[in-house]
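*Asks:* sequence and predicted structure, then a few things I'm wondering about:
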Amino acid sequence: MTSVVSRSLAAVRLFGNRSVCLVFGEQIVAIATVAGKKRRVRRKSVQEEQIRWWEEEKRADGVKWSTLEHKGPVFAPPYERVPRNVRFYYDGKPLELSEETEEAATFYAKMLNHDYCTKEVFNNNFFKDFRKSMTSKEKEIIKDFRKCNFQEMFNFFQAESEKRKAATKEEKLVKKNENEALMKEYGFCMIDGHKEKIGNFRLEPPGLFRGRGEHPKMGMIKRRIHASDVSINCGKDSKVPPPPGGSRWKEVRHDNTVTWLASWIENVQGQVKYIMLNPSSKLKGEKDHIKYETARRLDKVIDKIRATYRDEWKSKEMRVRQRAVALYFIDKLALRAGNEKDEDQADTVGCCSLRVEHVQLHKELNGKENVVVFDFPGKDSIRYYNEVEVEKRVFKNLELFMEHKKDGDDLFDRLNTQVLNEHLKELMDGLTAKVFRTYNASKTLQSQLDLLTDPSATVPEKLLAYNRANRAVAILCNHQRSVPKGHEKSMENLKEKIKAKRDAIDDCEAEYHDFKKAAKRGSVKEKVNADKKGKQLERLKDQLKKLELQETDRDENKTIALGTSKLNYLDPRISVAWCKKNGVPIEKIFNKTQRTKFLWAVHMADEDYRF
DNA sequence: TCGGTGACTTAGAAGTCGACTC
DNA sequence: GAGTCGACTTCTAAGTCACCGA
């Protein structure tokens, strides 16, 4: 079977010197002239153009584009009141709400079955903002959150959702077509003469803020965004997108040193939010490529850097020792840099912001010496727990850093991310703390693939090897997920399937031996039957093996998220090369989105590529 | 030097879709 | 044809890091 890799390569060859190739949904499509004849290579769904930027000259520093034109963002649909029979109750009695108050109530009602609604902070924050949306009359009545009843509204939205699911094929098709039309109009922009996909062309709709972990602002109301909140960025000579009916944009600017198309300030945290390009775009792809090239440059100096920081564990200066130990953790454990955070954000930490209570020192633990136990909330409040055996000198240093300190004190009191990155810049141009994560992730994938791939194995076996290598990276980077709903059930189903397959094999085997015996007695018919059974048996055994591999893979993956590392940390050229070398179709490793994002890698890497 | 801000990447959860099974 | 379930896609929060001005 022709893989997408070779198909896409074929498409590119057909284009000769043109610097775009067309990607139609799943397959690469080229309509090119060969010997005067129009030749068509398979097509599917929506068309996008992808620039072969990796074959073009890089632009001078700072400037991101020359021309940029787009239609502006899509606004959230206006609020539609719930039917009159769907009521909000206060203190057991139905209460008619003004439009704004009702909308706020629906934000909460829609989340009624969510864990968030059991949290005090969430409820308090919501109620405070809910009251802000009320008329003075409503404010006088609605004073106690515990007396609010959103149940009828919740039931209404549940029923609406059921209705949507139960819609007829035709109704669903109409909806799909509407969405596609919207995407066609607003989902693309023209940048430097090329049509490129926009990543998020819709403005965030109003609702309740869902901060992760123990976020002090969870439950606050995210306001509706109007044109007057939105800044537009487009080319000087381009057509400025028209703001919706009679309104005005906050600002129209023509800044070609940035990549965003529109921005606004979100009211809960006061952060700037952006409309940006899709990962398949030239701008994002180039950046991604540079990221992996920087990580590869690190490979050339890593030995020296490691030798230096080990040496610095003995430094007379506390500042230098702390920096060296922190760098060791960033390198060995792939910890994040750990910027300082404000009081009004969830309390999470990274390497530089580790506090005394996040590490425990054990001279001996479970038969290992000099063990550091890390236990802290990391990004997204995901717990990082790791028992690590460290060099004696690191251990001694940690004891020193923790001397006379109490819980709440910084472990590295002479260090922050800025200081660390300034130091890293001196070691290598473009080096920052996060480069180590990219470097160690990609390096791990490469070495694990070398270790785990058996060239003579079947494709499913090779895939298990790939997933295990990917898993090693996900574990290193602490990419976790909650156990998927119905995991137990799906494992049970798989086990049942496996059992059924084993039974079938037993039956088939018995019949096979019977036929064989009969065939030995000289019956031609029985010999044919024996051959047939033998083939069936082989097939069944293959199927069983596939199922067993699937079982192992799924269970090992229960709490580990592979996607994050694949998308952000693993040099895609490693995977492309591995596929090419091992005869594994690329679509087994990268789904459609990943293939479009990493098209550059598909073109760049041959089977000998090494990270 | 420090704090604030802006731009961009990285992250898991939620929502949607479509393949498979009965 | 309906229901189920996993894969894919979208959404948006939460990081990193550079830059700027006081």
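*Replies:* Okay, I see it. Numbering: from 1, shown residues only, chains lettered A, B, ... in the order given.

*Asks:* any idea which element A:Ser66 lies in?
*Replies:* Counting by DSSP states H and E, there is no helix or strand that carries A:Ser66.

*Asks:* ok, it to A:Lys332 distance?
*Replies:* 44 Å (Cβ to Cβ, to the nearest Å). Bear in mind the C-beta positions are built from the backbone N, C-alpha and C, glycine included.

*Asks:* now do the nearest residue to A:Val230 once chain neighbours are set aside: how many residues are near it, please.
*Replies:* Nearest non-adjacent residue to A:Val230, counting by Cβ to Cβ, 6 or more residues apart in numbering: A:Trp264, 4.9 Å away. Number of residues near A:Trp264 (other Cβ atoms under 10 Å) recorded here: 21.

*Asks:* the helix or strand where A:Trp264 lies pairs with which strands?
*Replies:* For A:Trp264, the enclosing helix or strand under DSSP H and E is strand A:262-265. Here strand A:262-265 has these sheet partners by DSSP bridges: strand A:231-233 (antiparallel), strand A:272-275 (antiparallel).

*Asks:* report the buried residues of that strand.
*Replies:* By 16 or more other Cβ atoms under 10 Å, the buried positions in strand A:262-265 come out as A:Ala262, A:Ser263, A:Trp264.

*Asks:* and of those, the nearest to A:Asp410?
*Replies:* A:Ser263 (33.9 Å; Cβ to Cβ).

*Asks:* one step back: tell me which of the strands paired with strand A:262-265 is the most buried.
*Replies:* strand A:231-233 (a mean of 20; mean count of other Cβ atoms under 10 Å).

*Asks:* check the gap between A:Asn85 and A:Lys282 for me.
*Replies:* 53 Å.

*Asks:* no, scratch that, I was asking about A:Asp342
*Replies:* Distance of A:Asp342 to A:Lys282, computed by Cβ to Cβ: 35 Å.

*Asks:* what about these two, which has more around it?
*Replies:* Set side by side, A:Asp342 and A:Lys282 show more neighbours around A:Lys282, with 21 against 7, by other Cβ under 10 Å.

*Asks:* which residue ranges form the helices in the stretch 251-400 of chain A?
*Replies:* A:282-312, A:318-333, A:392-402 (DSSP state H, counting those that start in this stretch).

*Asks:* flag every buried residue along the first one.
*Replies:* Across helix A:282-312, burial judged by 16+ other Cβ under 10 Å covers A:282-286, A:288-289, A:291-292, A:294-298, A:302, A:305, A:309, A:312.

*Asks:* for the longest strand along chain A, which residues meet the burial criterion?
*Replies:* Taking DSSP state E as the criterion, chain A has its longest strand at strand A:368-377. Applying a neighbour-count criterion of 16+ other Cβ under 10 Å, one finds A:Asn370, A:Val371, A:Val372, A:Phe374, A:Phe376, A:Pro377 buried in strand A:368-377.

*Asks:* surely A:Lys217 is in a strand?
*Replies:* No. A:Lys217 is assigned coil when assessed by DSSP: H, G, I helix; E, B strand; the rest coil, not a strand.

*Asks:* that one: neighbour count?
*Replies:* Neighbour tally, A:Lys217, other Cβ under 10 Å: 15.

*Asks:* what do you get for A:Ala159?
*Replies:* By the measure other Cβ under 10 Å, the count of residues near A:Ala159 is 11.

*Asks:* who touches the helix or strand where it lies?
*Replies:* If you go by DSSP H and E, A:Ala159 is part of helix A:151-166. The contact list for helix A:151-166, computed with Cβ atoms under 8 Å, 6 or more residues apart in numbering, reads A:Val82, A:Pro83, A:Val86, A:Arg87, A:Phe88, A:Tyr89, A:Ala105, A:Thr106, A:Ala109, A:Lys110, A:Leu112, A:Asn113.

*Asks:* name the helices or strands packed onto the helix or strand following that helix?
*Replies:* Once helix A:151-166 ends, the next helix or strand along the chain (criterion: DSSP H and E) is helix A:169-186. In terms of contacts (3 or more Cβ pairs under 8 Å, 6 or more residues apart in numbering; DSSP states H and E), helix A:169-186 is packed against no helix or strand at all.

*Asks:* any idea how far helix A:169-186 is from the chain center?
*Replies:* Relative to its chain's centre, helix A:169-186 lies at 26 Å (Cα atoms, centre = their mean, to the nearest Å).

*Asks:* what does the stretch 301-450 of chain A have sitting close to DNA strand B?
*Replies:* Selection of the stretch 301-450 of chain A residues close to DNA strand B by Cβ under 7 Å from any atom of the strand yields A:Arg336, A:Lys379, A:Asp380, A:Ile382, A:Lys434, A:Arg437, A:Thr438.

*Asks:* let's see 10 Å
*Replies:* A:334, A:336, A:339-340, A:342, A:378-382, A:416, A:418-419, A:422, A:434-435, A:437-438, A:441 (Cβ under 10 Å from any atom of the strand).

*Asks:* what is the mean pLDDT for the host helix or strand of A:Glu511?
*Replies:* Using DSSP H and E, the element containing A:Glu511 is helix A:487-520. For helix A:487-520, the mean per-residue pLDDT is 74.
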